[in-house]
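> Sequence plus the predicted model coming up.
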Amino acid sequence: MTVNPDTHDLNHIMYELRDFFQALVLTKQSDNQNKELTLILDDNHFIENSLINVDAIRLRQILNNLLQNAIKFTEKGKIFFGYRLIAPDFLEFSVKDDGIGIDPSQHDKIFARFNQVQQGNNRRYYGTGLGLSISQKLVKLMGGEMWLNSSLGEGTAFFFTIPFIPASQS
């Protein structure tokens, strides 16, 4: 995997993700999957001049994975996502949901390849178990860190940082 940064409008990327995933949420609701979800892009902390130097493909890949997981593991409730500037040189992204949550004893396993946290004896949610592992590796390649806060039955919040490099500095 490689990272190829270029100049992109971060706010535009975030609004595109909102529009795409809002359509996905509405499709799932109309497909009678009993999803009562609200997707919220928290743009309260967006930076005004959002032209930054970033690998937009990799950033979208990370956020796509986190948002898809939030939708998959949340039957009803809210999913929030957004970013904020922390310190002068890092952006912190978050995806928070009201889903099933993850037992704290399983947190150390969540980023392992080909691993899915099993809760109960039956497997209700399917996937390869690669998404979070790949996302964490991409975040590290981009110079950041990824972590989560979660409790069983109380939802999950994923966070990651990447360096903030304004386009004017690239």
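Received it, and whenever you're ready, just let me know what you need.

> how about the residue nearest to Ser94 when sequence neighbours are not counted, secondary structure?
The shortest distance from Ser94 to any non-neighbouring residue, by C-beta to C-beta, 6 or more residues apart in numbering, is to Phe159 (5.0 Å). To be clear about C-beta, it is placed using only N, CA and C from the backbone, and glycine gets the same treatment. Classification of Phe159 using DSSP: H, G, I helix; E, B strand; the rest coil returns strand.

> distance of Phe159 from Leu66?
10 Å (C-beta to C-beta, to the nearest Å).

> Just want to know which of these two has more residues nearby.
Neighbour totals were compared for Phe159 and Leu66, and Leu66 leads with 26 against 18 (other C-beta atoms under 10 Å).

> can you pull out the helices in this protein?
Taking DSSP state H to define them, one finds helices in the chain at 10-30, 56-72, 131-141.

> could the ones you listed be laid out in a markdown table, adding distance to Pro88 and mean pLDDT?
Formatted as a markdown table, those follow (distance: least, C-beta to C-beta, whole Å; pLDDT from 0 to 100):
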| stretch | distance to Pro88 | mean pLDDT |
| --- | --- | --- |
| helix 10-30 | 16 | 92 |
| helix 56-72 | 20 | 96 |
| helix 131-141 | 20 | 94 |
